[in-house]
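> take a look and give me a structure for this.
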Amino acid sequence: MVAAKDLKLGAFFFGGVEMDDAGAGKPDPMDRRYSNEACWQATLDYVNSAKEAERLGFDSFWTTEHHFQYEGYEVIPNGLLISTWIAAQTTTLRFGAMFNVVPQWNPMRLAEDFATLHNLSGGRAMLGVGRGTVPREVLHLNDKGVSIGSQDNPDQAAADLFNREIFEESMEIVRRALSQESFRFEGKHFQIPIPGIPDRGETVTDLTLIPRPVYPYEIWQAVTSPPTLDYVPTVDHGAVFWNQHYSFIKRFWDTYGENYASSHDGVELQAHEKRMLVVSYRIEDTMEEARASALNGHDEFWKFLGPYGWSRGYMGPDGKPAQPGLIPTLDESIENKTMLVGTPEHVASEIQFLKDLLGFEYLTIFPHLLGDSYQKADEQMARFAQEVLPLLS
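Predicted coordinates for the structure are as follows:
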């Protein structure tokens with residue numbers, strides 16, 4: 001069991017605009033329109049929170065990649081670029097994105113940009129990758145017609161399969177580009193290099209990424225479905241688990257280890273290796289204050305993301321995963337332990353329960369509820385570091 005002092009503690013921020021009308025009900029998400037100035041102020045505050053995370057002793061700070069969100073939920077379009085600016089103002093903090101949406105990138109450009117950030121920061125970057133959430137983003141940022149599907153929605157099965165194929169081929173290109181002196185790739189959707197390119201009297205037969213990482217690096221991927229759970233350990237990505245009932249996470253957590261062993265000649269991981277838990281929380285002096293403080297941000301989160309199927313990892317009344325489209329109540333999130341709410345002592349006891357259940361080493365907290373000020377998020381980071389962490393064994 002990893003001791004509390006050895007936890008690798010991260011903070012994850014969506015990077016949204018402060019809202020004075022967050023919560024269930026009106027306004028509808030798309031009815032808000034924040035100014036460019038408000039979105040840019042959120043970006044500046046975001047960078048300051050990263051510096052505060054380092055001051056508080058956090059190991060890592062995790063960004064997002066989202067585009068065109070005038071409604072103010074997530075205003076950071078390039079986690080690698082913003083992390084380069086954060087790197088220049090910090091010394092020990094590591095950083096990654098939850099997640100770089102790979103189908104929105106040319107895979108070679110993603111590899112180049114990550115390697116540049118990683119090297120400039122002295123090896124402090126982690127490559128976080130995912131398949132995406134919002135169709136209006138991905139459809140405008142790739143040239144292959146890739147959209148977002150979900151395994152839980154049969155009418156989107158073709159979109160999900162196409163997205164997955166593009167993602168997996170892209171990641172094979174990224175891994176080869178980052179690790180090999182020269183590389184080539186022939187797949188269903190990509191062929192690198194393009195055949196027949198003349199260059200200085202010869203034909204191009206391979207490519208070399210410049211720069212490549214000069215430090216060891218990690219790749220972390222969101223795991224929310226059985227096909228991804230099969231894929232991630234096979235290709236040696238770390239797995240990130242969030243927004244699932246704790247018993248479902250436990251099942252996925254253990255299955256990751258089993259799948260890793262079966263695809264790596266029987267190598268057995270310790271329970272803490274290559275797996276990360278992300279958990280939302282709210283700490284106040286009393287349970288009543290914590291519930292009141294959490295409610296609007298919680299409800300705004302699910303008003304935004306519930307229609308995209310993010311609650312499919314919740315447990316339904318029959319003990320099985322909830323049906324797509326569930327908009328959870330705060331009570332349901334507390335029961336599922338996707339959000340920990342209460343006094344420092346209570347939140348610590350919930351974290352300890354999850355730590356004993358999973359044996360994690362990598363724990364990333366989500367302190368910035370939708371609509372919160374960054375001042376509130378910074379306060380929540382401080383309370384976790386100073387009042388919760390010392391209570392863990």
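
> and the pLDDT for residue 143?
Confidence at residue 143, expressed as pLDDT, is 89.

> and it, how many neighbours?
Neighbour count for residue 143, taken as other C-beta atoms under 10 Å: 6. Where you see a C-beta, it was placed from the backbone N, CA and C, and this is true even at glycine.

> export stretch 349-362 to CSV, keeping only CA atoms.
Below are the C-alpha coordinates for stretch 349-362, written out as CSV (Å, rounded to 0.1, in the frame of the first residue of the first chain):
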residue,chain,number,x,y,z
SER,A,349,-12.5,9.1,5.3
GLU,A,350,-14.0,8.9,1.8
ILE,A,351,-10.6,9.2,0.2
GLN,A,352,-9.2,6.6,2.6
PHE,A,353,-12.0,4.2,1.6
LEU,A,354,-11.1,4.6,-2.1
LYS,A,355,-7.4,4.3,-1.4
ASP,A,356,-8.0,1.1,0.6
LEU,A,357,-10.2,-0.2,-2.2
LEU,A,358,-7.9,0.6,-5.1
GLY,A,359,-4.5,1.0,-3.7
PHE,A,360,-3.8,4.1,-5.8
GLU,A,361,-0.7,6.1,-6.0
TYR,A,362,-1.9,8.7,-8.5
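
> need the longest strand for the chain.
strand 275-283 (DSSP state E).

> by contact count, what packs against it?
Applying 3 or more C-beta pairs under 8 Å, 6 or more residues apart in numbering; DSSP states H and E, we find strand 275-283 packed against strand 238-241, helix 246-263, helix 287-305, strand 339-342, helix 344-358, strand 362-366, helix 374-383.

> and if we set it to 6 Å?
Where contact means 3 or more C-beta pairs under 6 Å, 6 or more residues apart in numbering; DSSP states H and E, strand 275-283 is packed against strand 238-241, helix 287-305, strand 339-342, helix 344-358, strand 362-366.

> residue 157 is nearest to which of these?
With respect to residue 157, and counting by C-beta to C-beta, the nearest of those is helix 287-305 at 21.1 Å.

> and after the closest one, which helix or strand comes next?
helix 330-336 (DSSP states H and E).

> list the buried ones in that following helix?
330, 332, 333, 334, 336 (16 or more other C-beta atoms under 10 Å).

> contacting residues around it?
Residues outside helix 330-336 that contact it (C-beta atoms under 6 Å, 6 or more residues apart in numbering): 245, 295, 298, 314, 339, 341.

> which two from those end up farthest apart in space?
Using C-beta to C-beta, the contacts of helix 330-336 span at most 20.6 Å, a distance reached by 245 and 295.

> mind putting the helices and strands packed on strand 275-283 into CSV with mean pLDDT?
As requested, those are exported to CSV (pLDDT from 0 to 100):
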stretch, mean pLDDT
strand 238-241, 98
helix 287-305, 97
strand 339-342, 98
helix 344-358, 98
strand 362-366, 98
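
> tell me the SS of the residue lying closest to residue 179 once chain neighbours are set aside?
Spatial nearest neighbour of residue 179, chain neighbours left out: residue 212 (7.4 Å); criterion: C-beta to C-beta, 6 or more residues apart in numbering. With DSSP: H, G, I helix; E, B strand; the rest coil as the basis, residue 212 sits in coil.

> wait, residue 212 sits on residue 118?
No - counting by C-beta atoms under 6 Å, residue 212 sits too far from residue 118 to count as a contact (9.4 Å).

> so the two - more neighbours on which side?
residue 118 (27 against 17).

> any idea how far the more buried one lies from residue 10?
Relative to residue 10, residue 118 is positioned 17 Å away (C-beta to C-beta, to the nearest Å).

> can you check residue 293 too?
On the measure of C-beta to C-beta, residue 293 and residue 10 end up 22 Å apart.

> and these two? which has more neighbours close in?
Between residue 293 and residue 10, counting by other C-beta under 10 Å, residue 10 is the more crowded of the two (24 against 18).

> wait, the more buried one touches residue 364, no?
Yes - with contact defined as C-beta under 6 Å, residue 10 counts as touching residue 364 (3.6 Å).

> circling back to that earlier point, neighbouring strands - and their directions - for the longest strand of the chain?
strand 238-241 (parallel), strand 339-342 (parallel), strand 362-366 (parallel) (DSSP bridges).

> what about the residue lying closest to residue 386 once chain neighbours are set aside, how many residues close to it?
In this structure, residue 386 finds its nearest non-sequential neighbour in residue 56, 7.8 Å apart by C-beta to C-beta, 6+ apart. Using other C-beta under 10 Å, residue 56 has 17 other residues around it.
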